[in-house]
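1. sequence first, predicted model second:
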Amino acid sequence: MPAISVNNVTKRYDDVVALDDVSFDIPEGEFVVILGPSGAGKSTLLRILNGLTPPTDGNVYIGDEPIGSARSEVGMVFQMHYLIENMSAYRNALTGALSRAGLVRSLLTWYDGQDKRNALEALDTVGLLDFAEQRAGSMSGGQKQRVGIARALVQNPDLLLADEPVSSLDPKAARDVMSYMKEAADERGLTTLASLHQVNIAREFGERFIGVRDGEVVFDGSREDLTMEVVDEIYYGESMDDADDGEARLGEVVDA
Ligand SMILES: Nc1ncnc2c1ncn2[C@@H]1O[C@H](COP(=O)(O)OP(=O)(O)OP(=O)(O)O)[C@@H](O)[C@H]1O
């Protein structure tokens, strides 16, 4: 059984078709990168997988459960990390446990010993155990994003979703964050979907690539298949050979 099954999903916002009859399966433990230009539908797809947005048509299964009943199994890392700046990295990571806690425990923000061990282990996974007591607000962008990953891991998800997790970071910090995320996914056998704009970083860490353009899946393949021509097709809707100006526009995307 695939870890994720997306079946004929369409999402309309009034007359905007954000996703148009999208289908794919993802086997357990695969690390998938979603590529596509601004407005292609990447965030919409991740929000549907997280149960935050219902599809207009079609359905999504996480394992054998339809999405909606499986939200706490899904951890999410956002572009804006949404950390509580005046709390320590450890306290922020710990809040990941609340998504699985009952209402009363959540309201009392009461954590048990296992939650605390999980938070420390997750901080260790992202290389921040020595910074556990540091205030999140005083951390670098890359460190904050790693705390965001730790918080998602504390949720003990089966599926990790990341919506442009490194787009606000410089290339070195972006690589660091992606390698911690990949390591965490490998260690824990997590199925992962990350949308990324930096094609070179995507190629380094992705095992499979799904290209989305105008709400449709226009590419689904391996690193070997993700040629410069394919990247241009995903981002510009035409191959380099067909481009009017013939400039190496992939460079714009790679350096973005
Ligand atoms: N809540 C909403 N209401 C109306 N239209 C929306 C809403 N959310 C997304 N859209 C539209 O759906 C389309 C897909 O948007 P989406 O945010 O999924 O794209 P994206 O690929 O994630 O873009 P970006 O890379 O800029 O984040 C766009 O045309 C967008 O304007």
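-> Right, received. Where do you want to start?

2. return the residues of the stretch 1-150 of the chain in contact with the ligand.
-> Within the stretch 1-150 of the chain, the positions near the ligand by C-beta under 6 Å from any ligand atom are 13, 16, 18, 36, 38-44. (C-beta placed from N, C-alpha, C; glycine too.)

3. find the centremost residue of this structure, please.
-> residue 162 (1.5 Å; C-alpha atoms, centre = their mean).

4. then the one helix or strand that one maps to to PDB, C-alphas only?
-> Element membership for residue 162, per DSSP states H and E: strand 159-163. Only the C-alpha atoms of strand 159-163 are listed here, as PDB (Å, rounded to 0.1, in the frame of the first residue of the first chain):
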ATOM      1  CA  LEU A 159       4.500  11.900   6.700                       C
ATOM      2  CA  LEU A 160       6.600  15.100   6.700                       C
ATOM      3  CA  LEU A 161       5.500  18.000   4.500                       C
ATOM      4  CA  ALA A 162       7.700  21.100   4.000                       C
ATOM      5  CA  ASP A 163       6.400  24.100   2.100                       C
END
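
5. quick one: contacts for residue 210?
-> 24, 32-35, 217, 219-220 (C-beta atoms under 8 Å, 6 or more residues apart in numbering).

6. touching the ligand at all, the strand holding residue 162?
-> No: contact between strand 159-163 and the ligand is absent, the nearest approach being 7.3 Å (criterion: C-beta under 6 Å from any ligand atom).

7. quick check: neighbours of that strand in the sheet, parallel or antiparallel?
-> strand 74-77 (parallel), strand 191-195 (parallel) (DSSP bridges).

8. show residues contacting it.
-> For strand 159-163, contacts defined as C-beta under 8 Å, 6+ apart pick out 3-4, 42-43, 46, 49-50, 62, 73-79, 149, 152-153, 181, 184-185, 190-195.

9. picking that back up, can you flag the buried ones in the contacts of residue 210?
-> Buried members of those, counted by 16 or more other C-beta atoms under 10 Å: 24, 32-35, 217, 219.

10. let's see which of the residues of the stretch 1-150 of the chain next to the ligand end up in helices.
-> Residues of these located in helices (DSSP state H): 42-44.
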